[in-house]
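S.K.: predicted model, plus sequence, below.
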Amino acid sequence: MKFPGEVLSREIPSLAEGSCLSSSNARHAGRNLRVRFSFLTAVLAFCLLLAGQVFGASDPAVLHIFGGGNDGSYPYASLSADGAGNLYGTTQNGGAYGAGTVFQLSPKEEGGWRFSLVYAFTGAADGGYPLGSLRFDAAGNAYATVSGGGTYGLGAVVELTPPAHPSASRPWSEKVLYSFQGGRDGAIPFGNVVFDATGSLYGTTSIGGVGHIGCPPAKGCGTVYKLSPTKNGIWREQVLRRFTDAFNQGAEPRAGVVFDAAGNLYGTTYEGGNNLYCNGYGCGSVFELVRPTSGKHWRFVSLVDFDGSNGALLRAGLTINASGTLFGATLYGGTYNDGTVFSMTEESGRWQLQTLYNFGGLDGLQPAGTLALDEAGNIYGTTYEGGAFDWGEVFQLVPGGDGWTENVIYNFTVSGKRFGASPLDGVLLDEAGNLFLTTNQGGNINDCQPNAGCGTVIELSSGTER
């Protein structure tokens, strides 16, 4: 199935016959057409409905319900925070011009949160339809990607600057740093950008670069890029990698990249890798770009190609811990073809893939977002579908001697509920252990028809487990 508002029109490919998982097991049909639960799981779901809780008693705090008008609709990415404790996010649609928004949520002294618009995209030269999170510099300026608009209509990297005297009625100013042209430089960025120590920005484009087997016809397989500021204020692009899909290259990255302590970059691709799987498109990959010791050439290394049995189709980016272990999630594949959470550890110069958890539908389906880690080593994330009511969930994975145990923190249920449904990205974890996130649907289910609501921003306080 396609996510609401998704800018790419290709359907998610099913897993190829001949792999460990048959295409007959793939769950890509619409929500109303899919019969997922067996009699046993239906009984379990009914019991959960009667009980209303899995572990605790508290409902989430609703910070904002999107109405599909000037405030935006369908948040796609996770939240960011500044040093003052304000939260920021994007919506891929809605706003004054229908091309998406950037918003701020500020804590009020008397409690609660104040919602204000930072910027409304026009979808023209200033860009539109953001699908990534914001990243801030030391001066408080925000940087983001937009999947459409710009000079060539193929997306851009933008900078948002707060007004000298901030107030809810004063929008931020916006500047396009680079507009993608759709050729060898890339097009349609999905994920967020990341800074290096010199102030350069790094990110990915989902298409563009060079064409190859299995990629969208004449559109290319995607790129990894670097944008560097110059003395005259112009940002110069350097393409670090153009994916070529087959032969362990990967294709169509839909998330940003992360740095390790040595300055090497790591990322995921949605498809590509081993093209014997996932209907000839490949099931996705994890890659490394090794920082050059001299010159400008970054060395590309494919760390793993997924084949369905160990996961398939990666929308989520990677999270790296202090010891350099990588954590990520796959939308599909694994034991039940409902997605996985995995880790990758370097041992004696070789990267080892370990599947930490296999989702099975009732405990979650389609983990689409980037994961968060706490100091104890627990993992937090979301699933777009599945859970007790099939509208997604928030989960925690706890390590133990016998493997990883899942705790379901919250099950989303859209009917009659205002808390949201179907989160598409991960959670923002604060120092107190509270979780903040966006949902792509839900809220007021009468808005944004035929979809069930325009989305929400919610908080799950520590100890809230439902």
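M.R.: Perfect, I can see it now.
S.K.: can you give me the strands for the stretch 101-250 of the chain?
M.R.: Taking DSSP state E, counting those that start in this stretch to define them, one finds strands in the stretch 101-250 of the chain at 101-107, 113-120, 135-136, 142-146, 156-161, 173-179, 194-195, 201-205, 223-229, 235-242.
S.K.: the ones you listed: which one's closest to F306?
M.R.: strand 201-205 (17.5 Å; CB to CB). Glycine gets a C-beta too; all of them are placed from N, C-alpha and C.
S.K.: list the contacts of that closest one.
M.R.: 143, 145, 155, 157, 177, 180, 185-196, 222-228, 235, 240, 253-257, 265, 267 (CB atoms under 8 Å, 6 or more residues apart in numbering).
S.K.: can you do 7 Å?
M.R.: 143, 145, 157, 180, 186-189, 191, 193-196, 222-227, 253, 256-257, 265, 267 (CB atoms under 7 Å, 6 or more residues apart in numbering).
S.K.: how about the strands of the stretch 101-250 of the chain, which one is nearest C278?
M.R.: Per CB to CB, nearest to C278 of the strands of the stretch 101-250 of the chain: strand 201-205, 19.6 Å.
S.K.: and the angle for that closest one with strand 173-179?
M.R.: Interaxial angle, strand 201-205 versus strand 173-179 (axes from the mean of the first three to the mean of the last three CA atoms, to 10 degrees): 60 degrees.
S.K.: can I get strand 201-205 in PDB, CA atoms only?
M.R.: Taking C-alpha atoms only, strand 201-205 is exported to PDB below (Å, rounded to 0.1, in the frame of the first residue of the first chain):
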ATOM      1  CA  LEU A 201      25.300  19.600   5.400                       C
ATOM      2  CA  TYR A 202      24.800  15.900   4.300                       C
ATOM      3  CA  GLY A 203      21.700  14.100   3.100                       C
ATOM      4  CA  THR A 204      20.200  11.800   0.500                       C
ATOM      5  CA  THR A 205      17.900  12.100  -2.500                       C
END
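S.K.: and that strand, which strands flank it?
M.R.: strand 194-195 (antiparallel), strand 223-229 (antiparallel) (DSSP bridges).
S.K.: on that earlier part again, could you dump the strands of the stretch 101-250 of the chain to JSON lines with distance to T91?
M.R.: Shown next, in JSON lines, are those (distance: least, CB to CB, whole Å):
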{"stretch": "strand 101-107", "distance to T91": "5"}
{"stretch": "strand 113-120", "distance to T91": "10"}
{"stretch": "strand 135-136", "distance to T91": "17"}
{"stretch": "strand 142-146", "distance to T91": "12"}
{"stretch": "strand 156-161", "distance to T91": "14"}
{"stretch": "strand 173-179", "distance to T91": "15"}
{"stretch": "strand 194-195", "distance to T91": "22"}
{"stretch": "strand 201-205", "distance to T91": "20"}
{"stretch": "strand 223-229", "distance to T91": "24"}
{"stretch": "strand 235-242", "distance to T91": "25"}
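S.K.: just put the ones you listed in CSV and tack on distance to N86 and mean neighbour count.
M.R.: Shown next, in CSV, are those (distance: least, CB to CB, whole Å; neighbours: other CB atoms under 10 Å):
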stretch, distance to N86, mean neighbour count
strand 101-107, 5, 22
strand 113-120, 9, 19
strand 135-136, 10, 18
strand 142-146, 11, 27
strand 156-161, 13, 21
strand 173-179, 18, 18
strand 194-195, 19, 16
strand 201-205, 22, 27
strand 223-229, 25, 20
strand 235-242, 26, 18
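S.K.: pretty sure D390 is in a helix, no?
M.R.: No - applying DSSP: H, G, I helix; E, B strand; the rest coil, one finds D390 to be coil, outside a helix.
S.K.: residue contacts, N141?
M.R.: 159-161.
S.K.: same list (those residues) but as TSV, adding pLDDT and distance to S78.
M.R.: Putting these into TSV (pLDDT from 0 to 100; distance: CB to CB, whole Å) gives the following:
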residue	pLDDT	distance to S78
E159	98	20
L160	97	17
T161	96	22
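S.K.: I'd like these as JSON lines, with distance to T383 appended.
M.R.: Listed next are those as JSON lines, based on distance: CB to CB, whole Å:
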{"residue": "E159", "distance to T383": "33"}
{"residue": "L160", "distance to T383": "30"}
{"residue": "T161", "distance to T383": "36"}
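S.K.: out of the residues you listed, which comes closest to I409?
M.R.: Using CB to CB, these come closest to I409 at L160, 31.5 Å.
S.K.: pretty sure that closest one sits against L177.
M.R.: No - between L160 and L177 there is no contact under CB atoms under 7 Å: 10.7 Å.
S.K.: now the strands for the stretch 301-450 of the chain?
M.R.: Secondary structure of the stretch 301-450 of the chain by DSSP E, counting those that start in this stretch: the strands cover 319-320, 326-330, 340-347, 350-358, 372-373, 379-383, 393-400, 403-411, 428-429, 435-439.
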